[in-house]
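Peer 1: Fold the following.
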Amino acid sequence: MSQGRDDAGRFEETVTEQEILKVFDYEDDPVLTASEVVDGLRRFGKHITSEGVRNRLEDMDDKGLVSRKKIGARAVGWWAEVAPELDAETAETVDARKGTDEWSEL
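Peer 2: Predicted structure coming up:
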C-alpha cells in the first residue's frame, strides 16, 4: 500500500471540506488561489498539494460550497459560499448562551 492510500488502494482524504472552508474564514482576502489555500492549510498543520486542493475545490464547487472565477491566463480565484461548521464544543456553548447576555467569552 502506498502512502496516502487506504487498504483498498483509494486515496485517503487528509483534509476535510470544513478545514478548507476554515482557511477562507481566517484569511483577510475573501478570494484565494489554490496555492494560497495550500499555505493556509499548512498553518493549521495540514499538508496537501496544490493539485489536491484544486481537485477538492472543484468538488466543493459542484456542491455549491465554493465558487470560482478565472482571474488571469492561468489563475483561478476561489471564495467560500458557506461558513465552516462550528466545532462541537463551540456549538454547545453557542446553544447554551442563546437568549442570554453571556457573549463576552467564547
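
Peer 1: Can you give me the distance of residue 83 to residue 43?
Peer 2: Residue 83 is 18 Å from residue 43, where distance means C-beta to C-beta, to the nearest Å. C-betas here are computed from N, CA, C, even on glycine.

Peer 1: can you check residue 90 too?
Peer 2: 19 Å.

Peer 1: Residue 28 now?
Peer 2: Residue 28 is 13 Å from residue 43, by C-beta to C-beta.

Peer 1: who's more crowded, those two?
Peer 2: More crowded of residue 28 and residue 43, by other C-beta atoms under 10 Å: residue 43, with 10 against 4.

Peer 1: next one: phi and psi at that one?
Peer 2: Residue 43 has phi and psi values of phi -60, psi -20 when expressed as degrees, to the nearest 10.

Peer 1: Run through the residues that contact it.
Peer 2: residue 26 (C-beta atoms under 8 Å, 6 or more residues apart in numbering).

Peer 1: The same query, at a cut-off of 10 Å, please.
Peer 2: 23, 26-27 (C-beta atoms under 10 Å, 6 or more residues apart in numbering).

Peer 1: Export these to TSV and append columns for neighbour count and pLDDT.
Peer 2: Formatted as TSV, the contacts of residue 43 follow (neighbours: other C-beta atoms under 10 Å; pLDDT from 0 to 100):
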residue	neighbour count	pLDDT
23	24	95
26	11	91
27	16	91
